[in-house]
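Chemist: One predicted model, sequence on top.
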Amino acid sequence: MSIIERIYTVFFIMFFLVFVDQLTKTLALAHLPKHETFSYLNDLIRIGVYENKGAFLSIGSQLSEFTRFLIFTVAVGGGLICLLSYLIINSNQSRISLISLSVVFSGGLSNFYDRIANNGAVIDFLNVGIYSFRTGIFNFADVFIMIGVFIYLLINSIGKEF
């Protein structure tokens, strides 16, 4: 795959997924009160707007503001730059690897944008589960990251490149 094809692929996925994630967050902020949860489908899905200053499951949210900035803004921003560089420069990767890592990059970029725009916080609003078995509160960017990682690990574990 040529560098132009890789750039088009990465940026198409990025613009589309960041748009979807930011649109859902905007709609959640506009139509849902903060810190109030609504339950749907017999409590399978809960929806409510929460600001997460930490990482997955609010890990790190108790750190000082400066430490959170260093980890979640500076380090994550640097990691995103490295991943984007890898996606564009590495001509040996398969199309599915490029796509799956572009999905990871897009989810990370959208959450990174949240941190810049929301004073270090990411907007989360979804929770799924049955009875007491529930996920943490998340957003679509988190879903994109998990899907991208899953596909990347799957294709690399079976050794098939498409």
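Modeler: Good, I have the coordinates.
Chemist: in the chain, which spans are strands?
Modeler: With DSSP state E as the criterion, the chain has strands at 38-40, 45-52, 122-130, 133-134.
Chemist: which one's the longest helix in the protein?
Modeler: helix 3-31 (DSSP state H).
Chemist: these two touch, right, residue 32 and residue 26?
Modeler: No. Residue 32 lies out of contact with residue 26 (C-beta atoms under 8 Å); the separation is 11.1 Å. For every residue, glycine as well, the C-beta is placed using N, CA and C.
Chemist: mind listing what residue 39 touches?
Modeler: Applying C-beta atoms under 8 Å, 6 or more residues apart in numbering, we find residue 39 in contact with 45, 46.
Chemist: Which residues does it form beta bridges with?
Modeler: When assigned by DSSP bridges, residue 39 has beta-bridge partners residue 46.
Chemist: how near is it to residue 24?
Modeler: Distance, residue 39 to residue 24, by C-beta to C-beta, to the nearest Å: 18 Å.
Chemist: Over to residue 45?
Modeler: 13 Å.
Chemist: Which one of those two is surrounded by more residues?
Modeler: Counted by other C-beta atoms under 10 Å, residue 45 and residue 24 do not tie: residue 24 has more neighbours, with 17 against 13.
Chemist: distance of residue 139 from residue 44?
Modeler: As judged by C-beta to C-beta, residue 139 and residue 44 stand 18 Å apart.
Chemist: ok, these two, which is more surrounded?
Modeler: Neighbour count, other C-beta under 10 Å: between residue 139 and residue 44, residue 139 has more, with 24 against 12.
Chemist: How much space separates that one from residue 145?
Modeler: For residue 139, the distance to residue 145 - C-beta to C-beta - is 10 Å.
Chemist: Tell me what the closest residue to residue 25 other than its chain neighbours is bridged to.
Modeler: In space, and not counting its chain neighbours, residue 25 is closest to residue 123: 4.4 Å by C-beta to C-beta, 6 or more residues apart in numbering. Beta bridges link residue 123 to residue 51, judged by DSSP bridges.
Chemist: What is the neighbour count of residue 123?
Modeler: By the measure other C-beta under 10 Å, the count of residues near residue 123 is 24.
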